[in-house]
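**Student:** from the sequence below, what's the structure:
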Amino acid sequence: MNRLSRPLASLMASSPPRWWPPSLARRLSPPNEPHNPTVRRASRFPLGFRNMATGIRSSEVKGDDSAKPDMRMLTTPAHEHSAITQGMDNMSKTKEFLSCYGEVIDGKRDTWGKTAYCGEEIVDSDEEVYESWDALMARYPFEGVLPLDVFPKSRHRDGSIYKCEHPWTRKCRITNRSETVIEAMMFTEPSNCFILNGTCMQHAPSHMFQILSIKLAKLDLDGEPVALYGYIAVRDDLDPLLNYIIKYRRDDPIIVEQGSLFNLAGPKRGIDFYGDILIEYDMRIRTAKEEKDDLQLIDGASMIGDMGLETCHAFTNRIHGDSGAVDVTFSRLEDAVEATVEVFISEVQNSFNLFLGCLTSGLSEEIRLFDGVIGETQSLKRSVVAVVTGSSIHLKLKVGPESSSSTEHDCSFIAGNHGSNARKIETDFALISVKVTWSPLPMGH
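**Tutor:** Model (predicted):
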């Protein structure tokens, strides 16, 4: 899976390109006010074509300009995009840049030309483009979180993601529904290390992608919590097969409400971030009727690129869907290795609540690994977390008869290239054994 091109909206960091429609340039020119430091990511598609991905029409939303977002949210500091804009100061480079997404710009006029998606030709006028963008933003205000663009024709429910012949579907091997075959802990105890000054030079750390949290940010349904099922997975350059982050069956859904965080059962192994990350998702709300009558929460695929992302910082994007929205918070970590966390619970005295959270590499955002009831001796599903070498992974265990009256137990481990560390925690309810195993990702991809 090769790298895909970078977001067109990144060009807004400097003056708008000369080929943009004049009214679009006026709308999106960087304002004089200071940049909002909480917003770091820019849209990954030309703004005018976001309506292709969402299906929102201007007629669906009514209201005055007060409902529109502050367009400052769409700009990003120029220094973050210097590498993106370099060499793209003429029309030929821009056309080459857009060709990866099947988009063609009419170089003879300062207007948008025809845009082809998966064999379908769609013509957008200047005003239609703006109306659709304004309508989408009126329906989905930013609230400090930028939306994550959904690839056109990437829905699972209608099968369009399997029929689409766009380059990204081939690069990411979308039709292959198998789970990644690469396991975690592949280089925990290698036999071919080359040690220099106490450091293994043969199995080096790498750039890794870490999902910190997934939250049900919006739910269009009123009333009680809902039964949710489906999955969110990633595909990376190491192996484009599915690496599940969360996955629930229809006959065993999770009960959630707006604002709920999900336990992160995945990934199966560390996520490589030398190239772009494809996030694929199909999550539905189970109804009392047949499966065909279930409501769609989110459905599609999106891309996250590593350019412009500072290491060890948290970024949040929102995936908008038919019946709500999901927030994905993630980080890019340089010089990182896998930390495989294994927890074994024995000598259980009484049933108790256990919460297992994790902090990695100095980040303040907690990764929620487990939150549930323990009633017998058992092993928790192992968790894989990316950790910068030389920094720590901090595990937080809350144990108690109820979550509101729990006692916190902490333990930390310094990340290395190989080997493992272990600790035992004695509580009034059980003996908890924690083991963290270190391994770099396989190289040569």
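
**Student:** any idea how far apart the tips of stretch 343-361 sit?
**Tutor:** End-to-end distance for stretch 343-361, by CA to CA, to the nearest Å: 20 Å.

**Student:** er, stretch 346-359 actually
**Tutor:** Its first and final residues considered, stretch 346-359 spans 24 Å by CA to CA.

**Student:** tell me which residues in that stretch are buried?
**Tutor:** 352-359 (16 or more other CB atoms under 10 Å). Glycine gets a C-beta too; all of them are placed from N, C-alpha and C.

**Student:** ok, now stretch 170-178?
**Tutor:** 171-174.

**Student:** ok, now stretch 258-271?
**Tutor:** So stretch 258-271, judged by 16+ other CB under 10 Å, has buried residues 260, 262-271.

**Student:** what does stretch 368-375 give?
**Tutor:** 368-370, 374.

**Student:** how about Phe370, nearest residue that isn't a chain neighbour?
**Tutor:** Spatially, and ignoring its direct neighbours in sequence, Phe370 is nearest to Leu356 (4.1 Å; CB to CB, 6 or more residues apart in numbering).

**Student:** contact partners for that neighbour?
**Tutor:** 343, 368-371, 380, 395-397 (CB atoms under 8 Å, 6 or more residues apart in numbering).

**Student:** of those, closest to Glu143?
**Tutor:** Arg368 (21.5 Å; CB to CB).

**Student:** now the host helix or strand of the closest one: mean pLDDT?
**Tutor:** Using DSSP states H and E, Arg368 maps to strand 367-374. Averaged across strand 367-374, the pLDDT comes to 94.

**Student:** do a quick rundown of the helices in the protein.
**Tutor:** 22-28, 50-54, 82-85, 91-99, 126-139, 160-163, 167-171 (DSSP state H).

**Student:** low-confidence ranges in the chain?
**Tutor:** 1-142, 444-445 (pLDDT under 70).

**Student:** give me the buried positions along the longest strand belonging to it.
**Tutor:** Ranked by residue count and defined by DSSP state E, the top strand of the chain is strand 324-346. Of all the residues in strand 324-346, those buried under the rule 16+ other CB under 10 Å are 324-345.

**Student:** the nearest residue to Leu297 once chain neighbours are set aside - how many residues pack around it?
**Tutor:** Of all residues beyond its chain neighbours, the one nearest Leu297 is Met283 (4.4 Å), with distances taken as CB to CB, 6+ apart. For Met283, the count of nearby residues is 25 (other CB atoms under 10 Å).

**Student:** next: Leu219.
**Tutor:** So Leu219, with other CB under 10 Å, has 21 neighbours.

**Student:** and what of Thr199?
**Tutor:** Using other CB under 10 Å: Thr199 sits among 12 other residues.

**Student:** any idea what it is bridged to?
**Tutor:** Leu196 (DSSP bridges).

**Student:** go on, Pro147?
**Tutor:** The residues that Pro147 bridges to, once DSSP bridges is applied, are Arg318.

**Student:** Val384 now?
**Tutor:** Thr340.

**Student:** ok, it - contacts?
**Tutor:** 184, 266-270, 338-341.

**Student:** switch the cut-off to 7 Å
**Tutor:** 184, 267-270, 338, 340 (CB atoms under 7 Å, 6 or more residues apart in numbering).

**Student:** of these, which belong to strands?
**Tutor:** Short answer: the contacts of Val384 in strands (DSSP E) are 338, 340.

**Student:** make TSV from the contacts of Val384 and add distance to Leu148 to it.
**Tutor:** Formatted as TSV, these follow (distance: CB to CB, whole Å):
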residue	distance to Leu148
Ala184	26
Pro267	18
Lys268	22
Arg269	23
Gly270	22
Glu338	25
Thr340	28
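
**Student:** next up, the contacts around the nearest residue to Ile374 once chain neighbours are set aside.
**Tutor:** Nearest residue to Ile374 in three dimensions, chain neighbours excluded: Leu354, at 5.0 Å (CB to CB, 6+ apart). Taking CB under 7 Å, 6+ apart as the contact definition, Leu354 lies against 370, 372, 374, 397, 399.

**Student:** same question, Asp294
**Tutor:** 284-287.

**Student:** now rank those by neighbours and give me the top one.
**Tutor:** Result: Arg284 is most packed of the contacts of Asp294 (other CB under 10 Å), 25 neighbours.
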